[in-house]
Every structure is written in C-alpha cells, then in structure tokens.
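Asker: how would this look folded up:
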Amino acid sequence: MTTVTTPTKSAGIELLVGHFHEGSSYGIFRGDGVGDWLLIATVSGKGRFGYAGGELITEPGDWVLIRPGTPHGYGVEASLKRWELLWVHFQPRPHWLPWLEWPAVSPGLCTLAIGDGSTMDRFREVHRQFTGDLRRSEAYAMNSLEALLLDCDRQNPLAAMSSFDPRVRRAMDYLERNLARKVTLADIAAAVGLSASRLAHLFRTQSGQSPQQHLEGLRMQRAAELLKRTSLSIKLIADSVGFDSQFYFSQRFKAWNGQSPSSYRSNARIGPDAGSP
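Answerer: Numbering: from 1, shown residues only. I've put the predicted structure just below:
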C-alpha cells in the first residue's frame, strides 16, 4: 500500500462529504489527527484502520467515528484490494455531542455496526445534497447529517448511558453566541459555573479540543461562510469574528484552512469532491 500523509487541518468549512471507490494503493496517515470529526461508513469491500496496539477491519455496515486530534491511519484491507466508503468531515453543533459517544476501540477511534440499509441511504442523501446544485446546499446537507447522526444514535448501545457533560454543551453554546467578543477561559467557566481548570479538563476530554481551539474553529467557519456568501471586506469579516487585526486574522485563517482569505473567496466555488477524507 502506498501511504499518503495528509495535513491535520480541517477542510475549512462546516462539513465536507465524499464517496470514494478505492484500490489497494490507497492509504491515509495523520499522526496528529485532524481538527474536526470524521465519520466513515464502509459501503462495500473492506477497510483497515490502524491504531496503537492493533487494527480494526471494517466490512459493509461498519461505521467509524474519529474524534478531533486522534492520530489515525486507514486504507484498503490488503486481502480484498478494494474499498467503497462514504465519508464526512464535520464540526458538530453543540447539541449533537451526546450522539457522538460511540463505543471506542481505542481513545478517539469509535465504531458502530449498523446493518440498517436506510441509515446508509441517509448518508448517501447527505452526499447528494452537498454535491448538488441546491441553493444553500451545505445547509441542507448539514441538516441531513443531523438526521443521520440521530439515526446512528438510535442504534448505539451506549446512548442510554451517555456521560457527556451538559456544562460542556453550555460552554459551546456560549462560544457560538460570542464569536465577535474577546472571550477568556475565565469568562466561559463563569458562564457555566465551573472553575477554569475544571472546564478546560472536561472540555478537552469530551470534545478533543481546548475551549479556545473550539472557539477559533467556530470563528473560522463563520468567516469562511461570510467570505463565500457575501461581498463584505476581509477587514469587516475579521471584525465580525473577533479579530482586531486583519493581518492576524489572515494568518490564523491560512493556518486553519491552508489558503488566505482572499484565495479562499476566489476558490470557494471549486467542487467539493477533491482531496482525501
């Protein structure tokens, strides 16, 4: 197998969806994980996911969920030499987080066996809407992804005992409401009734990110939408997502996305199927 090491940054939008048919040369390795969540469903063939101490072989109906920041590698299972997969990178809405408490085979690498074909059809619908020509196609696909995750949650044996802390969800809601403000860890902690150290620990344990990393991700997602959907100046967009300096905003956007804000705006209409999941 030829293994490709891919960047650790997310795709720079709220979600990215693909449907791949891969052969034996296909492989991905990300030693530092990625900055968003990654869901992969095996449609046909077999996939192989490696992790410290073992490997997970997926067959049709097996679904894998990878948390942000989780080192991972995957590719086509060697004996079969082919793998059809649906995949989506996404940044979850705060109220989705309890639905993402899946059984883990290793820290951050989770899996469900879902034999219900209608759930796979929901995934295909997410892809169809994302790649279609509907106005606001990403918004349609994001709503379909919510329905898909709910369907997965219905079949999750851990769902009834989810331990996701509601204070972390409240912290995420607070961050979403305050994208334009200067927000400190102490501000967030006070808003949810925790000490700063306790919040930082809970937030990272359950989301895979620090509160400030999550806030920057939300800001970059919002900025990407404004760059793509509006003609607002980059300075105004930077102001609207909490950056006093256009230069610093441009630096952070490029670090997150791989493109400058002006390049992203120019390339925003490029088809979504390019690249690797």
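Asker: Near S210, how many other residues are there?
Answerer: 15 (other C-beta atoms under 10 Å). From N, CA and C alone the C-beta is placed, and that goes for glycine too.
Asker: nearest spatial neighbour of it, skipping sequence neighbours?
Answerer: Counting by C-beta to C-beta, 6 or more residues apart in numbering, R204 is the residue found nearest to S210 once chain neighbours are left out, at 5.6 Å.
Asker: Can you show me the helices along the chain?
Answerer: Here the chain has its helices, by DSSP state H, at 117-131, 137-154, 166-177, 185-192, 196-207, 211-229, 234-240, 246-257, 261-267.
Asker: name the helices or strands packed onto the second one?
Answerer: So the one you mean is helix 137-154. strand 15-23, strand 82-90, helix 117-131 (3 or more C-beta pairs under 8 Å, 6 or more residues apart in numbering; DSSP states H and E).
Asker: hang on, the earlier thing: taking the helices of the chain together, which one is wrapped up most tightly?
Answerer: Greatest average neighbour count among the helices of the chain goes to helix 211-229 (a mean of 20), per mean count of other C-beta atoms under 10 Å.
Asker: now the angle from that one to helix 185-192?
Answerer: Counting by axes from the mean of the first three to the mean of the last three C-alpha atoms, to 10 degrees, helix 211-229 lies at 90 degrees to helix 185-192.
Asker: Off-centre distance for helix 211-229?
Answerer: Here the centre of helix 211-229 is set off from its chain's centre by 13 Å, with C-alpha atoms, centre = their mean, to the nearest Å.
Asker: got the angle for it vs helix 166-177?
Answerer: Using the same axes, to 10 degrees: helix 211-229 against helix 166-177 is 40 degrees.
Asker: relative orientation of helix 211-229 and helix 196-207 in degrees?
Answerer: 60 degrees.
Asker: Show me what helix 211-229 is packed against.
Answerer: helix 166-177, helix 185-192, helix 196-207, helix 234-240, helix 246-257, helix 261-267.
Asker: among those, which is nearest M220?
Answerer: Closest to M220 of the helices and strands packed on helix 211-229 is helix 246-257 (C-beta to C-beta; 4.6 Å).
Asker: ok, and what's touching that closest one?
Answerer: 9-12, 35, 216-217, 220, 223-224, 234-235, 237-238, 241, 243, 259-261, 264 (C-beta atoms under 8 Å, 6 or more residues apart in numbering).
Asker: and if you look at stretch 112-125?
Answerer: Under C-beta under 8 Å, 6+ apart, the answer for stretch 112-125 is 19, 41, 43, 61-63, 65, 86, 88, 102-103, 144, 147-148, 151-152, 155-156.
Asker: got the helices of the chain as TSV, with distance to P107 and mean pLDDT columns?
Answerer: Shown next, in TSV, are the helices of the chain (distance: least, C-beta to C-beta, whole Å; pLDDT from 0 to 100):
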stretch	distance to P107	mean pLDDT
helix 117-131	25	94
helix 137-154	20	94
helix 166-177	17	88
helix 185-192	24	94
helix 196-207	10	89
helix 211-229	18	85
helix 234-240	36	93
helix 246-257	24	89
helix 261-267	33	85
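Asker: of all these, which lies closest to L97?
Answerer: helix 166-177 (5.9 Å).
Asker: The helices of the chain: which one's closest to H95?
Answerer: helix 166-177 (6.6 Å).
Asker: what's the distance between Q209 and G217?
Answerer: 7 Å (C-beta to C-beta, to the nearest Å).
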